[in-house]
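S.K.: Structural data only, the sequence is not supplied:
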């Protein structure tokens with residue numbers, strides 16, 4: 001009878017062998033190959049089989065395992081299926097997973113609070129770009145960190161956006177000999193140093209600032225003396241609706257100016273990405289200031305589109321507040337780069353630009369629709385009210401329906 005190879009992925013705590021069930025320890029002792037990071041392998045100095053240290057990427061690890069016929073144990077920290085290598089390996093090879101308690105669970109146990117209602121994410125091996133809009137407003141937040149995105153760096157990042165209504169709990173070396181835990185203000189956390197092995201919990205202790213969809217125009221920093229170069233609140237809301245943004249959408253805002261459209265888009269596409277371009281340096285500075293105020297972390301660059309768009313990933317939605325007199329070239333790039341099913345929303349103030357845009361979209365077989373927005377606000381006069389009109393705007397929506405050509 002032919003014996004089948006056994007591959008087991010076992011989660012382990014920072015206290016090494018003491019964290020394992022007796023059955024798990026027995027499996028490790030009886031295995032022929034033990035695979036893991038250098039720190040985890042050091043927990044088993046008397047292992048009799050072959051040790052393989054994982055130093056390169058997971059693709060290389062899969063190749064090693066696929067070329068093995070011996071019984072294998074793979075070691076991973078905590079729960080391998082929780083922001084760990086387990087989800088990747090289980091898609092590539094047939095293995096059994098035996099998790100340990102995750103570091104997040106251990107950290108919440110230290111403060112005696114439930115964690116099923118916490119917003120949990122990882123900045124381990126990832127950029128913190130866009131983190132602020134993901135976590136803003138949550139009562140409890142848990143962050144998996146790394147050496148670069150450490151508690152001090154996280155505090156510095158959050159303070160840029162005025163997030164002072166949270167206190168932080170840092171749990172270091174959980175279950176290890178050098179375990180240390182404690183509460184910090186963000187200012188204190190920024191000034192402190194921590195072990196590379198840690199988890200950060202943020203707990204809200206004061207009300208956060210709140211902005212509903214359609215932030216008032218006067219709330220945005222704007223260029224002087226040309227105040228008013230902003231996509232007006234009502235047009236902004238209508239345009240955002242036309243873009244059909246999803247939680248994970250990738251968005252372009254061309255001619256972002258104050259950043260009002262990009263900022264509101266980022267609050268909708270919290271798990272997506274928002275990219276903006278602006279030709280005026282003064283407006284771009286206001287855009288960055290507004291990002292910090294409204295707690296959105298978008299990528300905003302200086303340039304005149306279509307130059308500069310090549311560094312952005314392909315979008316699901318594009319907003320064009322103005323074409324800068326270069327409509328054809330700009331729309332060509334946008335249409336070429338737009339993802340299948342994506343939408344371009346263009347605001348035109350003149351009939352001529354409306355016509356040019358519609359003709360171009362027609363040539364490329366985009367499905368178009370137009371909303372003519374002609375709005376007025378009440379204005380007091382002699383104890384009564386009259387209506388003062390806003391400039392009428394054509395909101396053009398173009399949808400990419402056809403398959404892309406390779």
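M.R.: Everything's here; your move. If you're wondering where the values come from, they're calculated on a predicted model, not measured in any experiment.
S.K.: any idea where the helices of this protein begin and end?
M.R.: Along the chain, counting by DSSP state H, helices occupy 22-30, 38-41, 58-66, 86-92, 103-111, 131-135, 151-160, 186-191, 233-243, 260-268, 281-294, 327-337, 351-363.
S.K.: The spatially closest residue to residue 308 that is not a sequence neighbour: neighbouring residues, count only.
M.R.: Nearest residue to residue 308 in three dimensions, chain neighbours excluded: residue 277, at 5.3 Å (C-beta to C-beta, 6 or more residues apart in numbering). For every residue, glycine as well, the C-beta is placed using N, CA and C. Counted by other C-beta atoms under 10 Å, the residues lying close to residue 277 total 24.
S.K.: Residue 277 touches residue 309, doesn't it?
M.R.: Yes: Residue 277 lies in contact with residue 309 (C-beta atoms under 8 Å); the separation is 6.8 Å.
S.K.: any residues in contact with both of these two?
M.R.: Applying C-beta atoms under 8 Å, 6 or more residues apart in numbering, one finds that residue 277 and residue 309 are jointly contacted by 252, 254.
S.K.: returning to that earlier point: which among the helices of the chain is found nearest to residue 16?
M.R.: Residue 16 lies closest to helix 38-41 among the helices of the chain, at 8.1 Å (C-beta to C-beta).
S.K.: For the closest one, which residues meet the burial criterion?
M.R.: Judged by neighbour count using 16 or more other C-beta atoms under 10 Å, the buried positions of helix 38-41 are 40, 41.
S.K.: so where's this protein uncertain?
M.R.: Under the criterion pLDDT under 70, the flagged ranges of the chain are 1-3, 225-228, 324, 402-406.
S.K.: so what are the domain limits for it?
M.R.: The chain breaks down into these structural domains: 7-101, 104-204, 217-399 (assignment by automatic domain parsing).
S.K.: Just send those back as TSV, with distance to residue 210 too.
M.R.: Below are the domains of the chain laid out as TSV (distance: least, C-beta to C-beta, whole Å):
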stretch	distance to residue 210
domain 7-101	30
domain 104-204	8
domain 217-399	11
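S.K.: Could you check the ones you listed and tell me which one is nearest residue 211?
M.R.: That would be domain 217-399 among the domains of the chain, by C-beta to C-beta, at 6.3 Å.
S.K.: chain center to the closest one: distance?
M.R.: 21 Å (C-alpha atoms, centre = their mean, to the nearest Å).
S.K.: Between the two ends of that domain, how far is it?
M.R.: In domain 217-399, first residue to last residue: 28 Å (C-alpha to C-alpha, to the nearest Å).
S.K.: Could you do stretch 148-166 as well?
M.R.: End-to-end distance of stretch 148-166 (C-alpha to C-alpha): 21 Å.
S.K.: go on, stretch 237-248?
M.R.: OK, stretch 237-248 end separation, C-alpha to C-alpha: 19 Å.
S.K.: buried stuff in it?
M.R.: Buried positions in stretch 237-248, judged by neighbour count with 16+ other C-beta under 10 Å: 238, 239, 240, 242, 243, 245.
S.K.: Pick the one among those closest to residue 128.
M.R.: Using C-beta to C-beta, residue 245 is the member of the buried residues of stretch 237-248 that lies nearest residue 128, at 22.1 Å.
S.K.: Distance check, the closest one against residue 319.
M.R.: Using C-beta to C-beta, to the nearest Å, one obtains 10 Å as the distance from residue 245 to residue 319.
S.K.: Could you tell me which residues touch both of those two?
M.R.: By C-beta under 8 Å, 6+ apart, residue 245 and residue 319 have these common neighbours: 251, 265.
S.K.: residue contacts, residue 108?
M.R.: Shown in contact with residue 108 (C-beta under 8 Å, 6+ apart): 114, 115, 118, 142, 201.
S.K.: 10 Å instead?
M.R.: Counting by C-beta atoms under 10 Å, 6 or more residues apart in numbering, residue 108 touches 102, 114, 115, 116, 118, 120, 140, 142, 169, 171, 199, 201.
S.K.: Give me the buried entries from the residues you listed.
M.R.: Neighbour counting with 16+ other C-beta under 10 Å marks 102, 115, 118, 120, 140, 142, 169, 171, 199, 201 as buried within the contacts of residue 108.
S.K.: Among the residues you listed, name the ones in strands.
M.R.: Among the buried ones among the contacts of residue 108, DSSP state E puts 120, 140, 142, 169, 171, 199, 201 in strands.
S.K.: Show me which of the residues you listed is closest to residue 351.
M.R.: residue 120 (51.4 Å).
S.K.: Can you give me the separation between residue 384 and residue 390?
M.R.: According to C-beta to C-beta, residue 384 and residue 390 sit 20 Å apart.
S.K.: between these two, who's got more neighbours?
M.R.: Higher neighbour count among residue 384 and residue 390: residue 390, with 14 against 8, using other C-beta under 10 Å.
S.K.: Buried ones in stretch 274-285, by neighbour count?
M.R.: Going by neighbour count (16+ other C-beta under 10 Å), the buried part of stretch 274-285 is 274, 275, 276, 277, 278, 279, 280, 283, 284.
S.K.: Ok, stretch 81-92 next?
M.R.: By neighbour count with 16+ other C-beta under 10 Å, stretch 81-92 contains the buried residues 81, 82, 83, 84, 85, 86, 89.
S.K.: can I get the residues you listed in TSV with distance to residue 365?
M.R.: Listed next are those as TSV, based on distance: C-beta to C-beta, whole Å:
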residue	distance to residue 365
81	44
82	45
83	43
84	45
85	45
86	45
89	44
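S.K.: In space, what's closest to residue 11 - neighbours in sequence excluded?
M.R.: Counting by C-beta to C-beta, 6+ apart, residue 11 lies nearest to residue 100, which is 3.4 Å off, once chain neighbours are set aside.
S.K.: To clarify, my last question referred to residue 329.
M.R.: Setting aside the residues directly before and after it, residue 329 is nearest to residue 306 in space (C-beta to C-beta, 6+ apart), at 5.6 Å.
S.K.: check contacts around the closest residue to residue 288 other than its chain neighbours.
M.R.: Nearest residue to residue 288 in three dimensions, chain neighbours excluded: residue 300, at 6.4 Å (C-beta to C-beta, 6+ apart). Residues in contact with residue 300, defined by C-beta under 10 Å, 6+ apart, are 253, 256, 259, 262-263, 274-278, 283-285, 287-288, 290-291.
S.K.: Any buried residues in stretch 129-136, and which?
M.R.: Residues 130, 131, 132, 133, 135, 136 are the ones in stretch 129-136 that count as buried (16+ other C-beta under 10 Å).
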